[in-house]
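Asks: Using only what follows, build the 3D model:
(one chain, ligands or ions: 1)
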Amino acid sequence: MTPALTTENSTEPVVDETQAAVRIDRVHKGFGRSGGGQPVLEDISLDVRPGEFVCILGASGCGKSTLLNLVAGLDRPTSGTIDVPGGRPALMFQEHALFPWLTAGRNIELALRLRGVPRTERRTEAERLLDLVRLGGSHGKRVHELSGGMRQRVALARALAQDSRVLLMDEPFAALDAITRDVLHHELTRVWSQTRLSVLFVTHNVREAVRLGQRVVLLSSRPGKIVREWTVDIPQPRRIEDTAVADLSIEITEELRKEIRRHGRD
Ligand SMILES: Nc1ncnc2c1ncn2[C@@H]1O[C@H](COP(=O)(O)OP(=O)(O)OP(=O)(O)O)[C@@H](O)[C@H]1O
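Replies: Model prediction:
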């Protein structure tokens, strides 16, 4: 593992912008005894550049969450290496996983506390993050008072509170209705362009991948391998109904269908 650089007076990693933010090198993953079962992921190599937004696309069960968990350090590859030089990534899931007995603001403050932010600074920082996700004034709201979209905004603010350079997102908007999802795509693009985080975003929704990503990486099923990738040159902010988004989505869907048909014959 390449160590993150540190300055003499700080334990904060100083990230070399010429280095990949995430480096996945020849990763295999199997479950079962010593990982020896049928591989879920096979020979995955992928670099995410600093500030890059990459979408991992694939059919249900192809190993997208497994890959994200490996990058998050929640599990280890059977072989191969994963390197995240800037330190532990932040994570956001489909389920917001907020603590229901805490307010929106307190949920964020908890993440700040775990990061070591002094008590006196937490409130101001939580309010700044709520403003960033356009939930200013919601610090005292309980989780059950918030809509699904608002909860995911708080979850995003809490992920940002970790001050990581890499954000891993596992189908964070899959449970939302289409209109709310559309609004959150817009907000995420804005937050990403303001923070210049590296984002690895997992989805099975082709249009969502094309709407958000600078690169779309298609995984096959059983085992999950990188089949193809596309660079998305369409300028942001994009809309899901833009012709360019629709055209590329049709092309990618065709490839995805081929993969699903091929998998069905295996
Ligand atoms: N801990 C585990 N033990 C055994 N098998 C597992 C484990 N975790 C995942 N798998 C298997 O690995 C495969 C890939 O699962 P994974 O959740 O990564 O897929 P996915 O692409 O994220 O699916 P979805 O889009 O449905 O969330 C599945 O067949 C799953 O059953």
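
Asks: Quick check: residue 258 vs residue 227, distance?
Replies: 9 Å (C-beta to C-beta, to the nearest Å). To be clear about C-beta, it is placed using only N, CA and C from the backbone, and glycine gets the same treatment.

Asks: can you give me the helices for the stretch 51-200 of the chain?
Replies: In the stretch 51-200 of the chain, the helices defined using DSSP state H, counting those that start in this stretch lie at 64-72, 104-114, 119-132, 148-161, 178-195.

Asks: can you list contacts of the lengthiest helix in the chain?
Replies: In the chain, with assignment by DSSP state H, the single longest helix is helix 243-265. The contact list for helix 243-265, computed with C-beta atoms under 8 Å, 6 or more residues apart in numbering, reads 57-59, 206-207, 209-211, 216, 218, 220-222, 227-228, 230, 232, 234, 238-239.

Asks: Select from these every entry located in strands.
Replies: 57, 216, 218, 227-228, 230 (DSSP state E).

Asks: just the buried members of these?
Replies: 57, 216, 218, 227, 230 (16 or more other C-beta atoms under 10 Å).

Asks: Which residue in those residues has the weakest pLDDT?
Replies: Within the set of those, pLDDT is lowest for residue 227 (94).

Asks: I'd like the distance between it and residue 140.
Replies: Residue 227 is 48 Å from residue 140, by C-beta to C-beta.

Asks: sorry, back to before: among the buried ones among the ones in strands among the contacts of helix 243-265, which are in reach of the ligand?
Replies: With C-beta under 6 Å from any ligand atom as the criterion, these include none near the ligand.

Asks: Can you tell me which of the residues you listed comes closest to residue 177?
Replies: residue 57 (21.2 Å; C-beta to C-beta).

Asks: my read: the closest one touches residue 220, true?
Replies: No - counting by C-beta atoms under 8 Å, residue 57 stays clear of residue 220, with 10.9 Å between them.

Asks: the bottom helix or strand of the protein by mean pLDDT?
Replies: Scoring the helices and strands of the chain by mean pLDDT, DSSP states H and E places strand 5-6 at the bottom, with a mean of 37.

Asks: Can you give me the buried ones in stretch 174-191?
Replies: In stretch 174-191, counting by 16+ other C-beta under 10 Å, buried: 176, 180-182, 184-189, 191.

Asks: ok now it, how far from the chain's centre?
Replies: Chain-centre distance of stretch 174-191: 14 Å, with C-alpha atoms, centre = their mean, to the nearest Å.

Asks: next one: stretch 98-106
Replies: 22 Å.

Asks: Mind checking the pLDDT average for it?
Replies: On average, stretch 98-106 scores 94.

Asks: Who are the contact partners of the residue nearest to residue 133 when sequence neighbours are not counted?
Replies: Leaving out its chain neighbours, the residue that sits closest to residue 133 by C-beta to C-beta, 6 or more residues apart in numbering is residue 153, at 4.1 Å. If a contact means C-beta under 8 Å, 6+ apart, then residue 153 has 133-135, 184, 187 as its contacts.

Asks: The protein against the ligand: which residues are in contact?
Replies: Residues of the chain lying near the ligand (C-beta under 6 Å from any ligand atom): 31, 40, 58, 60-66, 204.

Asks: And those, which of them are buried?
Replies: 40, 58, 62-66, 204.
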